[in-house]
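>>> Pasting a predicted model and its sequence here:
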There are 2 protein chains.
Amino acid sequence: MNLSSVGEGEDSGARYSTEGGQRSRSSDALRAAQMYYLQDLTMNAIARELRTSRSTVSRLLSMARDTGLVEIQVNNPRHRAPSLENEIRRRFGVEAHVVPVSEMVSDSEVLDRVAIQAARTIGPLVDSDAIVGVAWGSTLSAVSQHLSKKVTHDSTIVQLNGAGNTQTTGIAYASEILRRFGQAYGARVEQFPVPAFFDHAETKTAMWAERSVIRILELQQRMTMAIFGVGSTNSGIPSHVYSGGYLDDADLRALTAERVVGDVATMFFRADGSHRDLRINQRSTGPDLDLLRQVPRRICVVSGESKISGLCGALAAGLPTDLILDEASARWLVQSEGL
Amino acid sequence: MNLSSVGEGEDSGARYSTEGGQRSRSSDALRAAQMYYLQDLTMNAIARELRTSRSTVSRLLSMARDTGLVEIQVNNPRHRAPSLENEIRRRFGVEAHVVPVSEMVSDSEVLDRVAIQAARTIGPLVDSDAIVGVAWGSTLSAVSQHLSKKVTHDSTIVQLNGAGNTQTTGIAYASEILRRFGQAYGARVEQFPVPAFFDHAETKTAMWAERSVIRILELQQRMTMAIFGVGSTNSGIPSHVYSGGYLDDADLRALTAERVVGDVATMFFRADGSHRDLRINQRSTGPDLDLLRQVPRRICVVSGESKISGLCGALAAGLPTDLILDEASARWLVQSEGL
DNA sequence: AATGCTGATGCACAGACGTGCACGAATGAG
DNA sequence: CTCATTCGTGCACGTCTGTGCATCAGCATT
């Protein structure tokens, strides 16, 4: 569970260096994983064969899972009855991953469970040489805490939009998310050290001509995957962007007047998906939505019914290709027949 | 564990038909699997959400595993130290899967554990539209008992060589192996109802012109995968072929005189892999080794050091592309530097 | 209607499992 | 050398999990 306890490179093990018997901690983990998951031995039996204690085997196994040595996948047979997934695919043209959650659990638990499953769903999709754009926000923060390791080469995590606001540079918050992604996949991390919104559109124009910024923008153009949540304006609980000091009162009034329903990576849109004529987007540092739509795989993580109106806008705009959301929201989405 | 208890098609469940709540046993299994393996809930928590008992959840999960709903794979990072796998690949040009087994366990347990791991290794390799050739013998029998289900379409299991001998038609034995493969992958099963060896080569020639036989031979020519063990002559424990009434004394003497070291699917070969001039092969119903070598994926399962000399011959003949064997045998193989 | 059969269920128990804790071996700094 | 730190280990405890058993609902047969 505790990623930081997992040795980064080879065995820094104290014990193994002298034992000579060619055994490293990670090779023991591999043997244990094979015996446990492939041969169905008990941990006790494995402990005897490895001449160690059962608890060590337990720890070896959890390390094997955390480091991606063991991969567990749940296949969803599509050819089954008209499931929520199928219905969403038919209606919105996105691949849905519905997280089963009974309606009795709290919102924060829903978020947590969606995040865990999102992390496990994303894992297998990240390959070597990938360029993964990552947004920030409470959803992504939760997801980032549950990523498990996977070995990739020459992959890059790039920040989708600036995180600074009038109070902080936002670095501590957004970069922590990015860092976790980078660590999980052994990827380079490219931060985007700009505020979420400029005060003046001209500043953005100027900055967008700076080479340090251009480097990030070019990376974004070559993204193979993008991971983001959605913001929703009319939600009871306003999401991070709407309450964190990023927007002033005038901005918020403008959003309402323009019938904005939500945002992805601080780029706003209306319920019909339109966004080009929104003034505020000219000051936002998020990726142009036309650019975003060119990314081959665009994964949207949504937890909680408060985000449905924003999600509908994102779907209307054709932003996600894959959608990970909790069951209750999925039902809502399907039942919002009107749209 | 008990494959026969797993419902074949949809839910024949008695309870669900009346419950109306859109829930089938298999959809419950999917939800349970997602919650258990993707969200890390305990079975108790899952039981509460599904409004059932914990033991039912336990059974749902084991069903989900058996039916291939959940797949667990152990990735072997090749870039590691000079492992046995790497050494075998380098020396013999085959992909090795070494089954970790300490030296203290009995031969029969080794066989069992190799068989379990072989079954799990083979599973992911069988796809739709595959034509899988399967031999018979004690090794394959053990493997067949541990296959877990996987949904495929239009795949075929074809028997590699006849199983009849002077005492029985061999059908009960070989067909049971085939049947298990067929059931696991939802595949058609094509038996090969001929003896393992004809008494006279002319009979084989005649039979090989029969359309019923030609149909099988044509299937064999289109195999996409072949799965077999090896027989070994000089082993302490003679394998099935050498003791089951398939060969008479004269045959056995001839094998010794010709310096035969083993067989694959009742086609014999010497230590150097040569086989064409062996008289007995003209009466064997196994696939010509040149034909076998044309199959894209050829998986050889070996358990026990007694089979090493036979295995060496098979490797010299270039028969397997993939080799699943126990660790002790793997060490022996690597240490037999002389060859 | 009565009967037997199949298969899912819950209970209860034994065994398997995860984890906080204290200990000791290796490592590095002073 | 000595001390502090780090990290892997085994123990012990409480929880979690697999499974034999008895039960019961549905279905088919007599």
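Thanks, I have the structure now.
>>> ok, which stretches of chain A are strands?
With DSSP state E applied, chain A shows strands at A:70-74, A:95-99, A:131-134, A:156-159, A:188-190, A:225-228, A:231-232, A:260-264, A:267-270, A:297-302, A:322-326, listed in chain order.
>>> What residue in the stretch 151-300 of chain A comes nearest to DNA strand C?
With distances taken as Cβ to the nearest atom of the strand, the stretch 151-300 of chain A approaches DNA strand C most closely at A:Ala184, which sits 18.8 Å away. The way it works is simple: take the backbone N, C-alpha and C, and place the C-beta from them, glycine included.
>>> Setting aside sequence neighbours, what's the nearest residue to that residue?
Beyond its immediate neighbours in the sequence, the residue positioned closest to A:Ala184 (Cβ to Cβ, 6 or more residues apart in numbering or on different chains) is A:Leu147, lying 3.8 Å away.
>>> Identify the residues contacting the one you found.
A:Ala119, A:Ile122, A:Gly123, A:Arg180, A:Phe181, A:Ala184, A:Tyr185 (Cβ atoms under 8 Å, 6 or more residues apart in numbering or on different chains).
>>> what's the closest of those to B:Gly313?
If you rank the contacts of A:Leu147 by distance to B:Gly313 using Cβ to Cβ, A:Gly123 comes first, at 42.9 Å.
>>> The closest one contacts A:Asp66, correct?
No - with contact defined as Cβ atoms under 8 Å, A:Gly123 and A:Asp66 do not form a contacting pair (11.2 Å).
>>> Overlap of the contact sets of those two?
With contacts taken as Cβ under 8 Å, 6+ apart, the residues that reach both A:Gly123 and A:Asp66 are A:Ser148.
>>> Not counting sequence-adjacent ones, nearest residue to A:Asp272?
Looking at A:Asp272 with Cβ to Cβ, 6+ apart, the closest residue is A:Ala316, at 5.4 Å.
>>> Which one of the residues in chain A is closest to DNA strand D?
Minimum separation of chain A from DNA strand D (Cβ to the nearest atom of the strand) falls at A:Ser53, amounting to 3.0 Å.
>>> Need the per-residue pLDDT for that residue.
As predicted, A:Ser53 sits at a pLDDT of 87.
>>> Count residues in the vicinity of it, would you?
One way to gauge burial is a neighbour count; for A:Ser53, by other Cβ atoms under 10 Å in any protein chain shown, it gives 13.
>>> Equivalent analysis for A:Ala265, please.
Each residue near A:Ala265 was counted by other Cβ under 10 Å, and the total is 29.
>>> for it, what are its contacts?
Neighbours of A:Ala265 in contact, by Cβ under 8 Å, 6+ apart: A:Ala135, A:Leu160, A:Asn161, A:Phe228, A:Gly286, A:Pro287, A:Leu292.
>>> need those in TSV with pLDDT and distance to DNA strand C, can you?
Written out in TSV, the entries for the contacts of A:Ala265 read as follows (pLDDT from 0 to 100; distance: Cβ to the nearest atom of the strand, whole Å):
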residue	pLDDT	distance to DNA strand C
A:Ala135	94	30
A:Leu160	94	33
A:Asn161	92	35
A:Phe228	95	30
A:Gly286	92	38
A:Pro287	94	39
A:Leu292	93	38
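>>> any weak-confidence spans in the stretch 201-339 of chain A?
A:235-245, A:337-339 (pLDDT under 70).
>>> from it, which residue is nearest to DNA strand C?
For the stretch 201-339 of chain A, the nearest residue to DNA strand C under the criterion Cβ to the nearest atom of the strand is A:Glu327, separated by 20.1 Å.
>>> Make sure that residue is actually in contact with A:Pro100.
Yes - A:Glu327 sits in contact with A:Pro100 when judged by Cβ under 8 Å, with a separation of 5.4 Å.
>>> Give me the more crowded residue out of those two.
A:Pro100 (24 against 17).
>>> A:Ser306 and A:Ser232 touch, don't they?
Yes - at 6.0 Å, A:Ser306 counts as touching A:Ser232 under the criterion of Cβ under 8 Å.
>>> Neighbour count: those two, which is higher?
More neighbours sit around A:Ser232 than around the other of A:Ser306 and A:Ser232, counting by other Cβ under 10 Å; the figures are 28 against 17.
>>> Excluding chain neighbours, give the residue nearest to the more buried one in space.
For A:Ser232, the closest residue by Cβ to Cβ, 6+ apart turns out to be A:Gly310, at 3.1 Å.
>>> Can you report how many residues lie near A:Ala64?
23.
>>> I'd assumed A:Ala29 was in contact with it.
Yes - the pair A:Ala64 / A:Ala29 is scored as a contact, 4.4 Å apart, by Cβ under 8 Å.
>>> Common neighbours of those two, please.
The contact sets of A:Ala64 and A:Ala29 do not overlap (Cβ under 8 Å, 6+ apart).
>>> hang on, the earlier thing: what's the residue nearest to A:Asp272 in contact with, if anything?
For A:Ala316, the residues meeting the contact criterion (Cβ under 8 Å, 6+ apart) are A:Phe269, A:Ala271, A:Asp272, A:Gly273, A:Leu339.
>>> Out of the residues you listed, list just those in helices.
Here DSSP state H is the test, and the contacts of A:Ala316 give no hits in helices at all.
>>> quick one: the helices in the stretch 151-300 of chain A?
Shown for the stretch 151-300 of chain A, the helices assigned by DSSP state H, counting those that start in this stretch span residues A:171-185, A:201-207, A:211-221, A:240-243, A:249-257, A:289-292.
>>> Switch those helices over to TSV; also include mean neighbour count.
Formatted as TSV, the entries for the helices of the stretch 151-300 of chain A read as follows, by neighbours: other Cβ atoms under 10 Å in any protein chain shown:
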stretch	mean neighbour count
helix A:171-185	20
helix A:201-207	14
helix A:211-221	14
helix A:240-243	18
helix A:249-257	12
helix A:289-292	18
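>>> measure stretch A:145-161 end to end?
End-to-end distance for stretch A:145-161, by Cα to Cα, to the nearest Å: 20 Å.
>>> What residues of that stretch count as buried?
Neighbour-count burial for stretch A:145-161 flags A:146-150, A:152, A:155-161 (criterion: 16 or more other Cβ atoms under 10 Å in any protein chain shown).
>>> tally of neighbours for A:Asn44?
Other residues near A:Asn44 come to 10 when the count uses other Cβ under 10 Å.
>>> contacting residues for the residue lying closest to it once chain neighbours are set aside?
Using Cβ to Cβ, 6+ apart and skipping residues adjacent in sequence, the residue nearest A:Asn44 is A:Arg54, 5.2 Å away. By Cβ under 8 Å, 6+ apart, the contact set of A:Arg54 is A:Met43, A:Asn44, A:Ile46, A:Ala47.
>>> If I follow the layout properly, A:Arg332 ends up in contact with A:Glu305?
Residue A:332: Trp, not Arg. Yes - the pair A:Trp332 / A:Glu305 is scored as a contact, 5.5 Å apart, by Cβ under 8 Å.
>>> how far away is the residue nearest to A:Lys150 when sequence neighbours are not counted from A:Gly186?
Spatial nearest neighbour of A:Lys150, excluding adjacent residues (Cβ to Cβ, 6+ apart): A:Gly68 at 4.2 Å. Spatial separation of A:Gly68 from A:Gly186 under the definition Cβ to Cβ, to the nearest Å is 10 Å.
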